[in-house]
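> My questions concern the predicted model and sequence given below.
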Amino acid sequence: MAVIPVDSLDDPRLADYSHQTDVALRKASGTEHGLYLAESALVLERALRAGHVPRSVLALGGSVGEALALVGDSVPVFSGADELLAELTGYVLHRGLIASMHRPALPSPQTLLAASTRVVILENVADPTNVGAIFRSVAGIGADAVLVTARCSDPFYRRAIRVSMGTVLQVPWTRLPDWASARDLLTASGFHVAALALEPGAVSLRDFAASAPDRVALVLGAEGDGLTPEALAASDTIVQIPMAHGIDSLNVAATAAVAMYALAE
């Protein structure tokens, strides 16, 4: 398929890029599971390597060749003047290109747990920046999968993907059911549930890591509110990171990185 020049913003095929919210893309009509946006050639390459399917690509003139090299000639590649594309999207395409991608079907929690020994559970972490940073740490430091609760920010939201450097497209993830069901799933899969929280009687991360069980699920909660009573009740051990200088806690993304490093084999 030839490169399609953009000289008007009225083409309905450009609607994926036209000031769309993440929520609107997730519910996009004509798709099975919705859409997400992949910014930059690096992120698009990681999405393609993960088996995700592009619907179209929007590229600045200097990035058209890169886009074609990645998606071939079977996917529409739109290109136009910088100012026109900025008007369409609402921001300047600093990274050269952006792709509209079909969301894949999420695996079942049972499938991910069966193939994992270390998982990270995010309960109600609403900030996509934190979600993206945690996924980057999971990819770099080492965990097998991420499970998120219903009220957690969507890992496929544009900012989470950008902050993660596209690693949310590499790290297996899915959503968890309610805590009662999730606890049963984790137990059946042989996981020890370790909640990171500032609670009386919490075990030091150093002590926990020194004799950690073979299969561990690290549970982290939202900034400020922390973990819910249901999450704490579903945990086998409550763990905290020893702090200095009167500081009581770290940012949730930093906490996740420290905890994963301590448990790294």
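Cool, got the structure.
> can you map out the helices along this protein?
Taking DSSP state H, the helices of the chain run over residues 22-26, 41-49, 64-71, 82-89, 109-114, 128-137, 158-163, 179-188, 205-210, 229-233, 252-263.
> Which of these sits closest to Gly34?
helix 22-26 (4.1 Å; Cβ to Cβ). Placement of C-beta: from N, CA and C, glycine included.
> residues of that closest one that come out buried?
Of all the residues in helix 22-26, those buried under the rule 16 or more other Cβ atoms under 10 Å are Asp22, Leu25, Arg26.
> So for Arg95, what's the nearest residue that isn't a sequence neighbour?
Closest residue to Arg95 apart from its sequence neighbours, by Cβ to Cβ, 6 or more residues apart in numbering: Ser40 at 3.6 Å.
> Quick one, grab the pLDDT at the one you found.
On the pLDDT scale, Ser40 is placed at 91.
> May I see the helices of the chain organised as CSV, with distance to Gly34 added?
Formatted as CSV, those follow (distance: least, Cβ to Cβ, whole Å):
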stretch, distance to Gly34
helix 22-26, 4
helix 41-49, 14
helix 64-71, 20
helix 82-89, 18
helix 109-114, 20
helix 128-137, 16
helix 158-163, 13
helix 179-188, 24
helix 205-210, 37
helix 229-233, 27
helix 252-263, 25
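> from the buried residues of helix 22-26, which single one is nearest Tyr157?
Nearest to Tyr157 among those: Asp22, at 4.3 Å, using Cβ to Cβ.
> which residues sit in contact with the closest one?
Neighbour list for Asp22: Tyr36, Asp154, Phe156, Tyr157, Arg158 [criterion: Cβ atoms under 8 Å, 6 or more residues apart in numbering].
> so the last one touches Val43, yeah?
This means Arg158. No: here Arg158 lies out of contact with Val43, judged by Cβ atoms under 8 Å, at a distance of 10.1 Å.
> Burial check on the closest residue to Gln110 other than its chain neighbours, number of neighbours?
Closest residue to Gln110 in three dimensions, ignoring its sequence neighbours and counting by Cβ to Cβ, 6+ apart: Leu185, at 6.4 Å. Neighbour count of Leu185, defined by other Cβ atoms under 10 Å: 18.
> My guess is Trp253 contacts Phe135. True?
Quick fix: residue 253 reads Ala, not Trp. No: Ala253 is beyond contact range of Phe135, at 9.5 Å (criterion: Cβ under 8 Å).
> the more surrounded of the two?
Counted by other Cβ under 10 Å, Ala253 and Phe135 do not tie: Phe135 has more neighbours, with 29 against 22.
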